[in-house]
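In: got a sequence here, can you build the structure:
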Amino acid sequence: MTLSVLTLVRGRRDHLVNLIAGLDASTQAPDELVIAYMQDEAPAGLPATAFPVRMVQVPGEPMPLAAARNRAAEAARGETLVFLDVDCIPSPTLVARYAETAGQGVRLGEVLYLPAGATEGGLDPERLDRLGVRHPAKPAIALDEVRPTPDHGELWGLSFALSATDWAAAGGMDERYVGYGAEETDFAARLEAAGVPMAWVGGARAWHQHHAVHMPPYQHFDSILRNAALFRATWGRWCMDYWLGQFAERGMIRIDDAAITVLRHPNADEIAASRMPDTTLFS
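Out: Below is the predicted model:
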């Protein structure tokens, strides 16, 4: 069973270097790493690896996240596809656990969030485990556990694996989604419609490298509204309700069962004020 790791990049070169270092320290190496880069130039000066690294360019603005995942999947040669966010450092057993659980539908790996500066002391797994914090909305899971979940809404793009066959059965991601938000929720609905089961997998841990968090994400205001409306038109329900609710509470939108009405856009001061201090790990 061959396995490809796929990641998307725009900037974040230091994070990508750490992701590659984590893969190179794996108990089981991937058969390849595919990097879909959404920028003018391919990432340069990357560390040498024991496995092939291939790159594909995916231009577009706003960020074409769904298209980039599709291009990466098309380029991948593995029977198992592991989607790993560029902000994530894989633990030594992530690749092996995703490989061991092949054939069990979509597998979701645990992700612990690191504080700012956590990687300056190196990538020692025990140290990263001590520093990492689990998102309060995500379950704790034993290292050898496989825990099925009936809720496909649990899918998150930081770390998940599935067979190339299941990816094709779901039809890949809908490239109408551009910019921030909803493309993963839409893909989860596609997986559910295709009858692909989902489970949390222990031992496939990754550590999320810190970056600035905005709450609410005013810098993505237009993309969130556009993608939420597209999801509503496709599936008959809203997604990203949390952010939409915050926009509504602040008098920026009005939302009903059928449509979003924009009352005003966030101004520059509101966008700047929404940036959280570096002690904020996740939204």
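In: tell me which helix or strand comes right after the biggest helix by length in the chain.
Out: Ranked by residue count, the top helix of the chain under DSSP state H comes out as helix 221-235. Downstream of helix 221-235, the first helix or strand assigned by DSSP states H and E is helix 241-249.
In: that next one packs against which elements?
Out: helix 221-235, strand 253-255 (3 or more CB pairs under 8 Å, 6 or more residues apart in numbering; DSSP states H and E). In this view, the C-beta of every residue, glycine as well, is placed from N, C-alpha and C.
In: looking at these, spot the one closest to Leu3.
Out: helix 221-235 (30.2 Å; CB to CB).
In: mind listing what's buried along that closest one?
Out: Phe221, Ser223, Ile224, Leu225, Arg226, Asn227, Ala228, Ala229, Leu230, Phe231, Arg232, Thr234 (16 or more other CB atoms under 10 Å).
In: so how far is Trp167 from the third one?
Out: Distance from Ile224 to Trp167, counting by CB to CB, to the nearest Å: 26 Å.
In: do the second one as well
Out: In this structure, Ser223 and Trp167 are separated by 24 Å, where distance is defined by CB to CB.
In: with the first one instead?
Out: Going from Phe221 to Trp167 by CB to CB gives 31 Å.
In: that older thread, farthest-separated two in the buried residues of helix 221-235?
Out: The widest separation within the buried residues of helix 221-235, taken as CB to CB, falls between Phe221 and Thr234 and amounts to 20.8 Å.
In: any chance of the helices and strands packed on helix 241-249 in TSV, with mean pLDDT and distance to Gly245 too?
Out: Shown next, in TSV, are these (pLDDT from 0 to 100; distance: least, CB to CB, whole Å):
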stretch	mean pLDDT	distance to Gly245
helix 221-235	97	11
strand 253-255	97	8
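In: can I get the ones you listed in JSON lines including distance to Asp31?
Out: Listed next are the helices and strands packed on helix 241-249 as JSON lines, based on distance: least, CB to CB, whole Å:
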{"stretch": "helix 221-235", "distance to Asp31": "33"}
{"stretch": "strand 253-255", "distance to Asp31": "45"}
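In: tell me who's in contact with the nearest residue to Gly171 once chain neighbours are set aside.
Out: Nearest in space to Gly171, with sequence neighbours left out and distances taken as CB to CB, 6 or more residues apart in numbering, is Arg190 at 5.8 Å. Counting by CB atoms under 8 Å, 6 or more residues apart in numbering, Arg190 touches Ala170, Gly171, Met173, Asp174.
In: and Arg190, what element?
Out: Using DSSP H and E, the element containing Arg190 is helix 183-193.
In: what do you get for Thr27?
Out: Short version, using DSSP H and E: Thr27 is in no helix or strand.
In: which residue ranges of the protein form strands?
Out: Listed in chain order, the strands of the chain (DSSP state E) span 3-9, 32-37, 53-57, 80-84, 88-90, 106-113, 133-134, 146-148, 159-163, 198-208, 253-255, 260-262.
In: the residue most central in space within the chain and Thr185, how far apart?
Out: The chain has Gly157 as the residue nearest its centroid, 2.5 Å off, counting by CA atoms, centre = their mean. Look at Gly157 and Thr185: by CB to CB, they are 10 Å apart.
In: tell me where the model's unsure across the stretch 151-283 of the chain.
Out: Across the stretch 151-283 of the chain, nothing is flagged by pLDDT under 70.
In: got a list of what Pro115 touches?
Out: Here Pro115 is in contact with Leu131, Val133, His210, Asp278, Thr279, Leu281 (criterion: CB under 8 Å, 6+ apart).
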